[in-house]
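Novice: build me a structure from this.
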Amino acid sequence: MKTIFNILACLVCLLGLYPVQAQWVQTNGPGGSIISLLAVSGINLFVGNNDGLFLSTDNGTSWTAVNSGLTNKSITSFAVSGINLFVGTWGSGIFLSTDNGTSWTAVNTGLAYKNISCLTICGTTIFAGSNNGVFRSTNNGTNWTMIIQGLGNKIINELVVNGTTIFAGTNGGIFRSTNNGTSWTAVNSGLTELLIFSLGVNDTTIFAGTYPYGIFRSTNNGTSWTAVNSGLWNNLVRCFAAIGTTIFAGTEGGGVFLSTNNGTNWTAVNFEEHYPYVRTLAVSGTNLFAGTYWGGVFLSTDNGTSWTAVNSGLTCAHVLSLLVSGTYLFAGTADYTVVFLTTDNGAHWTEVDSGLAAFNDVNSFAVSGTYLFAGTDMGVFRSTNNGTSWTAVNNNFPLNTPAISLVISGIYLYAGTSTGIYRLFYSGGSWTKDSYGFDYPVFALAVSGTTIFAGTLSRGILVNEGRGWGAANIGLTNNKVMALTVIDTNIFAGTDGGGVFLSTNNGTSWAVVNSGLTDSVVLSFAVSGTYLFAGTESDGVFLSTNNGTSWTAVNSGLGNKKISSFAISGTNIFTGTDGSGVWRRSLTDMITAIRESDKPLPYQYNLAQNYPNPFNPTTIIGYSVSTIQVVNLKVYNILGTEVATLVDEKKNPGDYQVVWQADKYSSGLYFYRLVTGDRTLVKKMVLLK
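Specialist: From the prediction side, this is the model:
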């Protein structure tokens, strides 16, 4: 059910370790992300997503990470043989667990290619499909042998078993083996498309999912195929599942389709119109689970008639803003439901956006007494009942202008927009343009005493001490200011490319304070007493205990390292990420860990986001290696085809940069992959000509 593109897309989001004690803990289960794998073993339901492998024993009500020993969390496939559980990964081969996923061991002897796309079992033989053909093991994964007779080194997208016959869906059609994989024969008669995305078996019928020609069916063990697409209005079929005589097909953009007559006709049975990208299906008894792209996991107990999200409440992964008000924690998201509330430290979330327009991203929050404000892409909204209901406060606010940042100073609410700064008496009235003389996008606002600071996207920092706005950029070598915060009389600015700057004289001058900060794109800040936290574009969270003089990464257990927002509530710090929801960690354990560390951090294994992105036609890619090793850095197009090799040589420990000149390539989405030893990192970039 996986193509090279699917697997690369899933790899883009794999960014770290997993929740244990004294680490970051995700507060919304495995939902709100790309679900790349669903599998059932007895009463156990396994989910593979951006953050590794999760186990549920209660039909998805709660989830537990089961990743101990998995050195690569890019889970692509799953197979069960007795008490043996096998998972395939993209980049690190195959892992075995004999204790229901509690611990895993790599079993890769003889496995020449470790990009595993699929696994299946025929009798006591395990088969693994890779991007370079099929491997077979007859001793529970202890040893693997490549079998290429009649098949060659084709890209294997899917493997299924029908009795004693094995079928392989490839980028060059369907192949069949009747002798336990020793030899293969092409069986493509009747197929009008040879790019096979998925295969499924129900009784003696075999189904093949293709694009753009939909579903094909064979009732004679693959000898011939017939198109069966009546009622199927989306023809990119990613996965199949069956409950009795009912067959389900998951599509890329059309949701789930059902057939009760062996595929002759199909009917849409969609759980949620906003999550039509179904990547994987699994059956447990009469329960049908669907894994989606960003929507998490959905459950149906009535053959697809109705569906329930099983994601612990928070169904959106793209968290743009966080706010604490007493015991309430609010999350503003970029999705169809926009504000969520938790009163139990993220254990459960409730949607609270009555009165807020749908499709309305929440960029920022501000609070004063009983007034709660949300800055959105459709202006500013106010709630006086802890988010239960919202009212627009956009009288004289510029039409169709997003409120990017909010801050309260005295009796006024200030809003930073794409056309400057506006001011409102926060209990009522109309908005007034406050930044006469400039119309720059304002991404950040902060208050120090009676002075207001504004961070702009192109003109650096503006300051208003009650006499109007003026530039305050002396020493500021990067004018793209994304975040601002204040500790006592110290003002900090986070920039897009220049790291962190500090002013100790109310903005009169600035100095760079980046020692230990490995990511120069700083998106957010949080303050707890004298402790300063910085959220970055790709390297996670950093902590400074000395006013920015030095920084230390505090990312243990954090599964997503693009930190878009922070909030501190009681003894916990919360991060809003771009892709995997909200994470929580104890302030005490991080601060203690920093105090106990008296040695500089070694170089870390890292792949940075390219800059600029999007780009035309040149971009810079940074990476780090921790030991002497051979480094391979390549670029792939959206189909998974290699288009450029940027690095292929031995490197000493350190930080490196490489330039990709893409003037001969067409506009579009590209992936770049860093491989050192058995570790792989992948990120995406956009060429826009």
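Novice: go ahead and name everything in contact with stretch 460-467.
Specialist: The contact list for stretch 460-467, computed with Cβ atoms under 8 Å, 6 or more residues apart in numbering, reads 434-435, 438, 442, 450-456, 469-473, 476, 479, 481, 484, 493, 506-507, 510. Bear in mind the C-beta positions are built from the backbone N, C-alpha and C, glycine included.
Novice: next, the buried residues of that stretch.
Specialist: Buried residues in stretch 460-467, counted by 16 or more other Cβ atoms under 10 Å: 460-464.
Novice: so how far does it reach from one end to the other?
Specialist: 19 Å (Cα to Cα, to the nearest Å).
Novice: quick check: mean pLDDT of it?
Specialist: Here stretch 460-467 scores 87 as its mean pLDDT.
Novice: do I have it right that Asn229 meets Asn235?
Specialist: Yes - counting by Cβ atoms under 8 Å, Asn235 is a contact partner of Asn229 at 6.8 Å.
Novice: so what's the residue count around Tyr605?
Specialist: 16 (other Cβ atoms under 10 Å).
Novice: how close does it get to Ser624?
Specialist: For Tyr605, the distance to Ser624 equals 6 Å [Cβ to Cβ, to the nearest Å].
Novice: what of Gly540?
Specialist: 14 Å.
Novice: now swap in Ser364 and tell me
Specialist: Relative to Ser624, and taking Cβ to Cβ, Ser364 is found at 32 Å.
Novice: quick one: which of the two has more around it?
Specialist: Ser364 (26 against 19).
Novice: and the more buried one, that's in a helix?
Specialist: No - using DSSP: H, G, I helix; E, B strand; the rest coil, the assignment for Ser364 is strand, not a helix.
Novice: phi, psi for the residue nearest to it when sequence neighbours are not counted please.
Specialist: Distances taken as Cβ to Cβ, 6 or more residues apart in numbering put Gly375 closest to Ser364, at 4.0 Å, once the chain neighbours are dropped. Here is the backbone geometry of Gly375 (degrees, to the nearest 10): phi -90, psi 120.
Novice: burial check on Ile474, number of neighbours?
Specialist: Ile474 has 14 neighbouring residues, counting by other Cβ under 10 Å.
Novice: circling back: just the buried residues of the contacts of stretch 460-467.
Specialist: 434-435, 438, 442, 451-456, 469, 472-473, 476, 479, 481, 484, 493, 506-507, 510.
Novice: now stretch 383-391: average pLDDT?
Specialist: Rounded mean pLDDT across stretch 383-391 is 83.
Novice: again, but for stretch 199-207
Specialist: For stretch 199-207, the mean pLDDT works out to 89.
Novice: list the contacts for Ala493?
Specialist: Ala493 touches 444, 455, 461, 476, 481, 483-484, 500-503, 510, counting by Cβ under 8 Å, 6+ apart.
Novice: now tabulate those in a markdown table and tack on secondary structure and distance to Val107.
Specialist: Putting the contacts of Ala493 into a markdown table (DSSP: H, G, I helix; E, B strand; the rest coil; distance: Cβ to Cβ, whole Å) gives the following:
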| residue | secondary structure | distance to Val107 |
| --- | --- | --- |
| Ala444 | strand | 50 |
| Gly455 | strand | 51 |
| Ile461 | strand | 55 |
| Leu476 | coil | 54 |
| Val481 | strand | 50 |
| Ala483 | strand | 45 |
| Leu484 | strand | 51 |
| Val500 | strand | 45 |
| Phe501 | strand | 50 |
| Leu502 | strand | 51 |
| Ser503 | strand | 56 |
| Trp510 | coil | 54 |
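Novice: now do the same contact list for Tyr440.
Specialist: Counting by Cβ under 8 Å, 6+ apart, Tyr440 makes contact with 420, 456-459.
Novice: just the buried ones from the residues you listed, in PyMOL syntax?
Specialist: Only the buried entries of those go into this PyMOL selection, using 16+ other Cβ under 10 Å:
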select buried, resi 420+456+457+459
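Novice: tell me the one of the contacts of Tyr440 nearest Val522?
Specialist: The closest of the contacts of Tyr440 to Val522 turns out to be Leu457 (Cβ to Cβ; 13.9 Å).
Novice: that closest one against Gly497, yeah?
Specialist: No - counting by Cβ under 8 Å, Gly497 is not a contact partner of Leu457; they are 11.7 Å apart.
Novice: which stretches of the stretch 551-689 of the chain form strands?
Specialist: 552-553, 563-569, 572-577, 582-586, 606-607, 618-625, 629-636, 642-651, 654-661, 668-676, 679-687 (DSSP state E, counting those that start in this stretch).
Novice: which neighbours do Leu457 and Gly497 have in common?
Specialist: Joint contacts of Leu457 and Gly497 (Cβ under 8 Å, 6+ apart) are Lys480.
Novice: just list whatever residues bridge to Val659.
Specialist: Bridge pairing for Val659 (DSSP bridges) gives the partners Ile620.
Novice: which pLDDT value belongs to Asn157?
Specialist: 90.
Novice: host element of it?
Specialist: Following DSSP states H and E, one finds Asn157 within strand 156-162.
Novice: got the phi/psi numbers for the residue lying closest to Phe197 once chain neighbours are set aside?
Specialist: Of all residues not flanking Phe197 in the chain, Gly209 sits nearest, at 4.9 Å (Cβ to Cβ, 6+ apart). Main-chain dihedrals, Gly209, degrees, to the nearest 10: phi -100, psi 130.
Novice: Asn572 versus Gly209, what's the distance?
Specialist: 45 Å.
Novice: which one of the two has more residues nearby?
Specialist: Neighbour count, other Cβ under 10 Å: between Gly209 and Asn572, Gly209 has more, with 28 against 18.
Novice: check contacts around that one.
Specialist: Gly209 neighbours (Cβ under 8 Å, 6+ apart): 196-200, 215, 236-240, 249.
Novice: Ser137: which of those is nearest?
Specialist: Closest to Ser137, out of all of the contacts of Gly209 and judged by Cβ to Cβ, is Leu199, at 20.5 Å.
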